[in-house]
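**Student:** Provided below are the primary sequence and the corresponding predicted coordinates.
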Amino acid sequence: MSRLIRPARLDMACCRRATGTVEWLIGASRALGIAYPACFRPVSDLQIPVSLVSNVSRFPRKRAQAQREPTGGSAVAGLPSLTATVYRALARRIRRHLAPGSTRTVARFIKACDPLVIGEWIAGSAEVRLAFADLLWSRTIEASVEMRRWPDRRLPTETTVRLAPSIELDCQFSGEGTVDDEAKEWLAYHAARVSLGAAWRDAQARTSAIAHSRVAAWADVTPLTAWSDSAWLARESPQGVQFVAPVTSKWLDPPHSSKCLRRARHISRQQTRFESMWDAIRGACLTWSEMEGWQVIDAPVPASRDVRHRRLLGLSGGRPWCWLYQGVDGQFVARWENARLQVCAGTPAAAIAGLRRCATMCPDVGGVALPYPAFAPVARLAPMSTTVAAEYRLFIDCVKARRGFWSEAAKLARTAGGYRQALATADQTRRNQKLD
């Protein structure tokens, strides 16, 4: 152990004689080239799959000690710590590649503010599960991250990330007394990568449990990781520093598929979108164009399967949906989704602007009030009784009014769990009555 650089959490596990520590040390030390002494009592070692990374410092950069950060510690003098730097990089990769659009999905969570509705969304969509895992992972690592990301706020550039105390403790290590500053920095980066990866796997496990129970909970963000989840070892050798950790190098890789499969999926989605659009808009429709003015004609036939589903912004009654496509005559058509009103123009921008103007001029088309009201959430809960369901709905509305999505998260989870249990009890009672 004196020849190894190790995390503080592994030291604590060894002092407590946690189960599996000796076996893990034997397997990881062998990966570093340290053989188990033959004079020791034989121990059945576990063949743990590990990844070995080496650092060879050919051109060391000399920096003043006063300008450097303490390894794995908090920020000093407005500079981010090494752990915070790794966290920013991993968070950026998650937002851009692994869970794109997670900010909009979390905004939907805040708007719904109902653990049961959010649980249904998580169970029904892989994209929503990744967004919720990003939420749990970010709140586990960064204290008060909801004030910086949800809602999206641009903070001053000198603002530093405040890491949770458990994460800072998990990224500390010992035994690096003879290692130079450059190697310490390299070790700190890899130690942070292992610890943050363990926190991500814990967030994914929690999200899977929520998808099974269908009751979302985001209040308790204390990581439930064991010492083996973030364990690693390092050793200084003549060639540089060697770092060994469990094989988790692909934990941030987005799911890839072949180009032919992606193309087939794109064509299938495009065909489905076209069929749903054409079935809804075919037939006579009130039409306006710059050349012809107002007239009633059939919907123009699309020139291709490339149809777009867009929000119509700039209206006081909300953001209704509209269809945008190009007809066989070259004109672009902007069609209201839930009313027989369309505009033909030479460019997509002109068609959208014309549809917005016509919706203001014609507040009622075919008995449909414009702008069309937004749809209610698709998730529906079977009420146990009118009184209990009304009380639960009133509680959710009160939390919404108080903007308590973050501050009352624990209360939301408890109330939703109690309501779900009451529903199950009522269903069981109803089945027993039928059997009697």
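**Tutor:** Received, thanks.
**Student:** thinking in terms of the whole chain, how far from its middle is stretch 135-154?
**Tutor:** Relative to the chain's own centre, stretch 135-154 is displaced by 11 Å; criterion: Cα atoms, centre = their mean, to the nearest Å.
**Student:** Contacts made by it with the rest, please.
**Tutor:** 87, 91, 94, 102-103, 106-107, 109-110, 155, 159, 161-164, 167, 196, 199-200, 202-203, 206-207, 218, 221-223, 406 (Cβ atoms under 8 Å, 6 or more residues apart in numbering). C-beta coordinates here come from the backbone N, C-alpha and C atoms, glycine included.
**Student:** could you redo the last one with a cut-off of 6 Å?
**Tutor:** Contacts with stretch 135-154, where a contact means Cβ atoms under 6 Å, 6 or more residues apart in numbering, come from 87, 103, 106, 155, 161-162, 164, 167, 199-200, 203, 206, 221, 223, 406.
**Student:** So among these, where is pLDDT lowest?
**Tutor:** Among the contacts of stretch 135-154, L155 has the lowest pLDDT, at 59.
**Student:** re earlier: filter the contacts of stretch 135-154 down to the buried ones.
**Tutor:** Among those, those classed as buried by 16 or more other Cβ atoms under 10 Å are 87, 106, 161-162, 164, 167, 199-200, 203, 206, 221, 223.
**Student:** And those, which is closest to R420?
**Tutor:** Among the buried ones among the contacts of stretch 135-154, R206 lies closest to R420 (Cβ to Cβ), at 17.5 Å.
**Student:** all strands for this protein, in order.
**Tutor:** Per DSSP state E, the chain carries strands over the ranges 6-7, 50-55, 173-174, 233-237, 240-246, 284-289, 293-298, 308-311, 321-326, 332-336, 341-345, 364-365, 368-369.
**Student:** which residues touch the residue nearest to the spatial centre of the chain?
**Tutor:** For the chain, A131 is the residue whose C-alpha lies nearest the centre (Cα atoms, centre = their mean; 2.2 Å). Applying Cβ under 6 Å, 6+ apart to A131 gives the contacts 99, 102, 105.
**Student:** mind running it again at 7 Å?
**Tutor:** A131 makes contacts with 99, 102, 105-106, as judged by Cβ atoms under 7 Å, 6 or more residues apart in numbering.
**Student:** Columns distance to I122 on top of these, output as CSV?
**Tutor:** Formatted as CSV, the contacts of A131 follow (distance: Cβ to Cβ, whole Å):
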residue, distance to I122
A99, 13
S102, 13
T105, 10
V106, 12
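**Student:** quick one, helices of the chain?
**Tutor:** 8-15, 21-31, 82-93, 102-112, 115-124, 126-141, 146-149, 165-170, 181-213, 259-281, 348-361, 386-401, 409-435 (DSSP state H).
**Student:** by how many degrees do the fifth one and helix 409-435 diverge?
**Tutor:** Between helix 115-124 and helix 409-435, the angle comes out at 80 degrees (axes from the mean of the first three to the mean of the last three Cα atoms, to 10 degrees).
**Student:** Quick check: buried residues in helix 115-124?
**Tutor:** Buried-residue list, helix 115-124, by 16+ other Cβ under 10 Å: 115-123.
**Student:** and of the strands of the chain, who's closest to L32?
**Tutor:** Set against L32 and scored by Cβ to Cβ, the strands of the chain come closest in strand 233-237, at 4.6 Å.
**Student:** Need the residues that contact that closest one.
**Tutor:** 3-6, 28-29, 32, 178-179, 187, 241-244.
**Student:** go again using 10 Å as the cut-off
**Tutor:** 1, 3-7, 10, 24-25, 27-29, 31-34, 50, 53-56, 173, 175-180, 183, 186-187, 190-191, 241-245 (Cβ atoms under 10 Å, 6 or more residues apart in numbering).
**Student:** again with stretch 99-107
**Tutor:** Outside stretch 99-107, the residues touching it (Cβ under 10 Å, 6+ apart) are 93-96, 118, 121-122, 125-135, 137-138, 146, 149-152, 218, 254, 405.
**Student:** make it 8 Å
**Tutor:** 94-95, 127-128, 130-135, 149-152.
**Student:** List the buried residues for that stretch?
**Tutor:** By neighbour count on 16+ other Cβ under 10 Å, the buried set for stretch 99-107 is 99, 102, 105-106.
**Student:** So which of those residues is the closest to R262?
**Tutor:** Distance to R262, by Cβ to Cβ, is smallest for A99 among those, at 18.1 Å.
**Student:** That closest one: what's its closest spatial neighbour, skipping adjacent residues?
**Tutor:** Nearest non-adjacent residue to A99, counting by Cβ to Cβ, 6 or more residues apart in numbering: L130, 3.9 Å away.
**Student:** Next up, the contacts around the one you found.
**Tutor:** 98-99, 102.
**Student:** got TSV for these, with distance to E292 and pLDDT too?
**Tutor:** Shown next, in TSV, are these (distance: Cβ to Cβ, whole Å; pLDDT from 0 to 100):
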residue	distance to E292	pLDDT
L98	49	85
A99	47	86
S102	45	88
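**Student:** in this structure, which helix or strand is least confident?
**Tutor:** strand 368-369 (a mean of 58; mean pLDDT, DSSP states H and E).
**Student:** Can you measure across stretch 12-21, start residue to end residue?
**Tutor:** End-to-end distance for stretch 12-21: 10 Å, by Cα to Cα, to the nearest Å.
**Student:** Show me which residues of that stretch are buried.
**Tutor:** Within stretch 12-21, the residues scored as buried using 16+ other Cβ under 10 Å are 13-14, 21.
**Student:** Distance of A216 relative to L135?
**Tutor:** Distance, A216 to L135, by Cβ to Cβ, to the nearest Å: 10 Å.
**Student:** shared neighbours, the two?
**Tutor:** Common contact partners of A216 and L135 (Cβ under 8 Å, 6+ apart): F109.
**Student:** which ones are touching F132?
**Tutor:** When contacts are counted by Cβ under 8 Å, 6+ apart, F132 touches 105, 109, 118, 122, 207, 210, 216, 218.
**Student:** per-residue pLDDT, the first one?
**Tutor:** Translated: T105. According to the prediction, T105 has pLDDT 92.
**Student:** Let me have the helices of the chain in TSV, extended by distance to L324.
**Tutor:** Compiled in TSV, the helices of the chain are given as follows (distance: least, Cβ to Cβ, whole Å):
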stretch	distance to L324
helix 8-15	55
helix 21-31	57
helix 82-93	32
helix 102-112	20
helix 115-124	27
helix 126-141	24
helix 146-149	31
helix 165-170	46
helix 181-213	35
helix 259-281	10
helix 348-361	6
helix 386-401	33
helix 409-435	39
